[in-house]
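Colleague: pasting the sequence and the predicted model now:
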Amino acid sequence: MEAPRDLSSALQIMAQQPAAWKPFAGGTDLMVLLEAGRLPHRRFLSIWKLPELRGIEVTPRHVTLGALTTYTEIRRSEVLAQEFPLLCRAAAETGSVATQNRGTLGGNIANASPAADSPPALLVYDAELELVSASGWRRVPCHGFWTGYKQTGLQADELIHRIRLPRATNGWKHYYRKVGTRRAQAISKVCFAASARIDAGRIVQIRIALGSVAPTALRAVQTEKALQGEKLTPESLRAAQAVLAREIAPIDDMRSTARYRRRIAQNLLAELCERLST
Ligand SMILES: Cc1cc2nc3c(=O)[nH]c(=O)nc-3n(C[C@H](O)[C@H](O)[C@H](O)COP(=O)(O)OP(=O)(O)OC[C@H]3O[C@@H](n4cnc5c(N)ncnc54)[C@H](O)[C@@H]3O)c2cc1C
């Protein structure tokens, strides 16, 4: 394992042999694979000490988090609690205190698990990722970054540098629910995040995203369209539930069944609409 002290040294190492070096942040996903003998890599690049990947920066239009921001840091951030509560809820629902102290937001994004807890919140907030390599940097939306099961648009010589959240959620109502086998230390069967702006009982704007119901975290754009501009009535809910059932593609696996996941996703949509109407 190499542990460079600054970002440019790390990027130089990656540029020389891009596929050979596996970035290693908090290690909470990687150590599980290593212990299970399922990690093929032999060279690890610890990015834990890179100061450029740390910190939460607040500007008038954005809140930008370094990729190494831990769940504990997210939970302690006042600006995130006020403006991006779904991300704080996701952080609070992630693993145990130990995992929250060590696990990073960048690691959760790069790991690309469809069952991860932060991606639905990031999708709802239209988060963007700043990716960096020795040859430059680029900004990409989270929406579209996860290209398939555990697949991302990250190049072999790139790191996630920062996560940028647009500060445009004033007056929105927020909803987050993780359904798992237990209240804590469980991987989600369904994870549901949403934000909406309501005026006189009508949905002016709504964003919905789910985890564990498709090969990637999913922004439910069709369901959003079905609800946008609608009054919160039993009829509009039923129509949106039907759209949601078609939009998601859950599977049977060791944690749950496709049928249960579809039903729960619909029930969570109902709970969201109930909360929005109060
Ligand atoms: C006991 C336990 C409970 C858990 N519970 C949950 C849970 O409830 N919800 C949940 O979502 N997750 C959970 N996890 C998974 C894990 O904690 C998170 O995914 C965490 O955010 C990973 O971050 P990390 O820094 O530890 O990543 P690492 O393990 O260091 O890396 C994970 C992957 O991301 C890549 N990577 C990391 N940082 C970068 C970067 N900046 N740029 C490019 N690639 C990068 C690595 O190469 C690797 O492929 C749990 C893990 C454990 C061990």
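Modeller: Received the coordinates, thanks. Numbering: from 1, shown residues only.
Colleague: let me see the ranges of the strands in the stretch 1-150 of the chain.
Modeller: 21-24, 43-46, 56-58, 62-66, 128-133, 136-141, 146-148 (DSSP state E, counting those that start in this stretch).
Colleague: which positions in the chain make contact with the ligand?
Modeller: By Cβ under 6 Å from any ligand atom, the residues of the chain that approach the ligand are 22-30, 32, 47, 67, 94-95, 99, 102-104, 106-108, 110-111, 116-117, 154, 159-160. (C-beta placed from N, C-alpha, C; glycine too.)
Colleague: residue in the protein nearest to the ligand?
Modeller: residue 107 (2.2 Å; Cβ to the nearest ligand atom).
Colleague: so where do the strands sit in the stretch 151-278 of the chain?
Modeller: Counting by DSSP E, counting those that start in this stretch, the strands of the stretch 151-278 of the chain are 151-152, 159-166, 173-179, 190-199, 202-211, 218-219.
Colleague: could you dump these to a markdown table with mean pLDDT and mean neighbour count?
Modeller: Output for the strands of the stretch 151-278 of the chain, formatted as a markdown table (pLDDT from 0 to 100; neighbours: other Cβ atoms under 10 Å):
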| stretch | mean pLDDT | mean neighbour count |
| --- | --- | --- |
| strand 151-152 | 98 | 16 |
| strand 159-166 | 98 | 23 |
| strand 173-179 | 96 | 20 |
| strand 190-199 | 96 | 23 |
| strand 202-211 | 97 | 22 |
| strand 218-219 | 98 | 24 |
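Colleague: out of those, nearest to residue 240?
Modeller: strand 202-211 (9.1 Å; Cβ to Cβ).
Colleague: now do the closest one: distance to the chain's middle.
Modeller: Put simply, strand 202-211 sits 16 Å off its chain's centre (Cα atoms, centre = their mean, to the nearest Å).
Colleague: can you check stretch 79-86 too?
Modeller: For stretch 79-86, the distance to the chain centre is 14 Å (Cα atoms, centre = their mean).
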